[in-house]
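In: Pasting the sequence and the predicted model now:
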Amino acid sequence: MLMKDFDALEKLLYSHSDNRIIPGLERISRLLSRMDNPQNSFRSVHIVGTNGKGSTGAFISSVLTASGYRTGFYSSPHLASPGERLLADGEEMPADSWVDAVSYAVSHIMPGEDLPSYFELLTAGAFELARRTGIEAGVIEAGLGGKLDATNTMSRTACSVITSVSIDHTEYLGPTLEGIAGEKFAVVRENVPAVFSGYDESLVPMFRETCREKGALPFVVSQQARTENVKVTAEGNTFDFYAPGLELGSIRTGLIGGYQVRNAAVALSAISLIRGSFPRITEDSIREGMLNARWPGRLEVVSKNPLIILDGGHNLDGVKNLCASVRELWPERKFAVVYAAMRDKDYPGCLEVMSETLRPRLYATCVPGMARSASPEELLRAAGNFAWGNAPEGFMSPSEAISRAVDDGNDAVLVCGSLYMIGYIKRGNLLWSMRP
């Protein structure tokens, strides 16, 4: 659906929200209580983490759908329209249904009290829409952090999933890895399985201690599950998976990139632990769901000739994974990078990684109309400290940058650095003539 279809929803959200407020659970919990707690009308898998939340959630929701459950997948941010934020069995909800659900939430805001934030109001509306749609299984991705996130209001959580922890959103979560981890680990619940990727081994003791204090049931993927016989190609990944209670050979996924094997292992670990809550999950439905999972804007090939790839990785850890996968999948290609970034991100660090790993041609751009977006001039100044395959150039729109990169005859073009830029490209159909 196009963004214009959701104009009424956006106006409703912005006119009844206030993003200047400090995140907190009391305000959103009060609102949801007045709405008769729609977030508790379904069993849920709660996903938090710095990177990998969306892909992991896409795997889990696809498996639940393949298992015959009416499944709702709530994620953020959206790319082309707000309707992407709640998918029911993989399909967007109509704009008028969104407006009705959010209007219902707005009607329960009491005069004179603090308005919810945009995300809190959207989340309340999404929970109500999920209830009205008859969602049985919810896969709910946190927006920011975890402890104070609006999604941390559910009481029927079947599993808490922490995908990864790295430095990001320091203005909200603090400057240290341990502080950020504390915000995310805080979502674990008493007597509920809690899955942590564990790929940063230094945080595993903290995770286990948090689970002990809260009475949660810890599972560390890096220690308790394993993948073998991994084959990573541009068409998808294949691997064997082993964990207590779930052993599967030759699992295939359509999401590409080596890091998607790690995300898949986290998803499969969670799936192994929720089968008691969702008994219709079978080996066949797991295989079907893992193969059919899709997640736009992450190593998404939108054209094969010329090769053009979209990826919304926007922090240092995400860009490292992206570059490693690009080099693994297309080792002989000489890449051009069309890059935009938000001003509050570590774009100098990301540029350094891309320079060292890919040595690409660089075409710096920005997201038109977005004040947070770093200007091409800012990016070029940072890029000047590193080595590139050309004299880096700046462009005021992604379309100009992509066109120049294609016209220059590059082997492949990687468009990356911001999900907002990927959304801008998709909303404008800038690549409408380029299809796989």
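Out: In hand now; what should we look at?
In: Contacts only, for residue 87.
Out: With contacts defined as CB atoms under 8 Å, 6 or more residues apart in numbering, residue 87 is in contact with 61, 72-73, 75, 93. Backbone N, C-alpha and C define where each C-beta goes, glycine included.
In: what are the phi and psi angles of it?
Out: With angles defined as degrees, to the nearest 10, residue 87 shows backbone torsions of phi -110, psi 130.
In: Show me the beta-bridge partners of it.
Out: residue 73, residue 92 (DSSP bridges).
In: I'd like the numbering to begin with 145 instead of 1 from here.
Out: Okay, residue one is now 145; in that scheme the one you just asked about reads as residue 231.
In: Mind pulling up the pLDDT for it?
Out: Model confidence at residue 231, given as pLDDT, is 97.
In: Also residue 258?
Out: 91.
In: Against residue 499, how distant is it?
Out: Using CB to CB, to the nearest Å, residue 258 is found at 46 Å from residue 499.
In: where do the helices sit along the stretch 245-394 of the chain?
Out: Listed in chain order, the helices of the stretch 245-394 of the chain (DSSP state H, counting those that start in this stretch) span 262-277, 314-317, 321-329, 348-358, 365-368.
In: The fourth one: which residues count as buried?
Out: Under the neighbour-count criterion of 16 or more other CB atoms under 10 Å, helix 348-358 has 348, 350-352, 354-355, 358 buried.
In: Out of the residues you listed, give me the two with the largest separation.
Out: Within the buried residues of helix 348-358, 348 and 358 form the most distant pair, 15.9 Å apart (CB to CB).
In: hmm, back to that, need the contacts of residue 231 in TSV (columns: pLDDT and neighbour count).
Out: Output for the contacts of residue 231, formatted as TSV (pLDDT from 0 to 100; neighbours: other CB atoms under 10 Å):
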residue	pLDDT	neighbour count
205	98	30
216	98	28
217	98	28
219	96	22
237	92	22
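In: Closest one to residue 149 out of those, please.
Out: Residue 149 has its nearest neighbour among the contacts of residue 231 in residue 237, at 11.3 Å by CB to CB.
In: thinking the closest one is in contact with residue 226, fair?
Out: No - counting by CB atoms under 8 Å, residue 237 stays clear of residue 226, with 9.8 Å between them.
In: In this structure residue 366 contacts residue 345, no?
Out: Yes - assessed by CB under 8 Å, residue 366 is found in contact with residue 345 at 6.9 Å.
In: Pick out whichever of those two has more residues nearby.
Out: residue 366 (16 against 10; other CB atoms under 10 Å).
In: Which residue, other than its chain neighbours, is closest to that one?
Out: Distances taken as CB to CB, 6 or more residues apart in numbering place residue 342 nearest to residue 366, at 3.6 Å, with adjacent residues excluded.
In: Please name the residues that touch the nearest residue to residue 249 once chain neighbours are set aside.
Out: Excluding its sequence neighbours, the residue lying closest to residue 249 (CB to CB, 6+ apart) is residue 268, at 4.1 Å. Going by CB under 8 Å, 6+ apart, residue 268 touches 172, 175-176, 179, 182, 246, 249, 260, 294.
In: what is the mean pLDDT for stretch 408-416?
Out: 98.
In: So which bits of that stretch are buried?
Out: In stretch 408-416, the ones that count as buried by 16+ other CB under 10 Å are 408-416.
In: and residue 258, how many neighbours?
Out: Residues lying near residue 258 (other CB under 10 Å) number 15.
In: what do you get for the one 4 residues further on?
Out: Residues within reach of residue 262, counting by other CB under 10 Å, total 16.
In: Ok, residue 195 next?
Out: By other CB under 10 Å, the residues close to residue 195 number 27.
In: can I see the domain layout of the protein?
Out: The record's domain split for the chain, according to automatic domain parsing, is 147-436, 444-571.
In: how far does stretch 498-515 sit from the chain's center?
Out: 21 Å (CA atoms, centre = their mean, to the nearest Å).
In: Let me see the mean pLDDT of it.
Out: Per-residue scores along stretch 498-515 average to 96.
In: and it, which residues are buried?
Out: Quick answer for stretch 498-515 (16+ other CB under 10 Å): 498-499, 501-502, 504-511.
In: Check those residues and tell me the two furthest apart.
Out: 501 and 511, at 23.8 Å, using CB to CB across the buried residues of stretch 498-515.
In: Report the distance from stretch 517-526 to the chain centre.
Out: Distance, centroid of stretch 517-526 to centroid of chain: 25 Å (CA atoms, centre = their mean).
In: buried residues in the helix or strand residue 152 falls within?
Out: Per DSSP states H and E: residue 152 is located in helix 151-159. The neighbour-count check on helix 151-159 (16+ other CB under 10 Å) flags 153, 156-157 as buried.
In: what does stretch 374-392 give?
Out: 376, 380-383, 385, 387, 390, 392.
In: Output the lowest mean pLDDT helix or strand found in this structure.
Out: Averaged element by element with mean pLDDT, DSSP states H and E, the chain has its least confident helix or strand at helix 314-317 (a mean of 53).
In: Now do the same contact list for residue 462.
Out: Residue 462 touches residue 195, counting by CB under 8 Å, 6+ apart.
In: Residue 418 now?
Out: If you count contacts by CB under 8 Å, 6+ apart, residue 418 has them with 189, 302-303, 337, 425.
In: Quickly note the distance from it to residue 195.
Out: Counting by CB to CB, the gap from residue 418 to residue 195 is 22 Å.
In: Okay, now the unreliable bits of the chain?
Out: Along the chain, segments meeting pLDDT under 70 span 145-148, 311-319, 573-580.
In: The residue nearest the centre of it in helix, strand or coil?
Out: Nearest residue to the geometric centre of the chain (CA atoms, centre = their mean): residue 198, 3.1 Å. At residue 198 the chain is in helix, as set by DSSP: H, G, I helix; E, B strand; the rest coil.
In: Which element, helix or strand, includes residue 549?
Out: Secondary structure (DSSP H and E) places residue 549 in helix 542-551.
In: Going by neighbour count, which residues in that helix are buried?
Out: In helix 542-551, counting by 16+ other CB under 10 Å, buried: 542-543, 545-546, 548-550.
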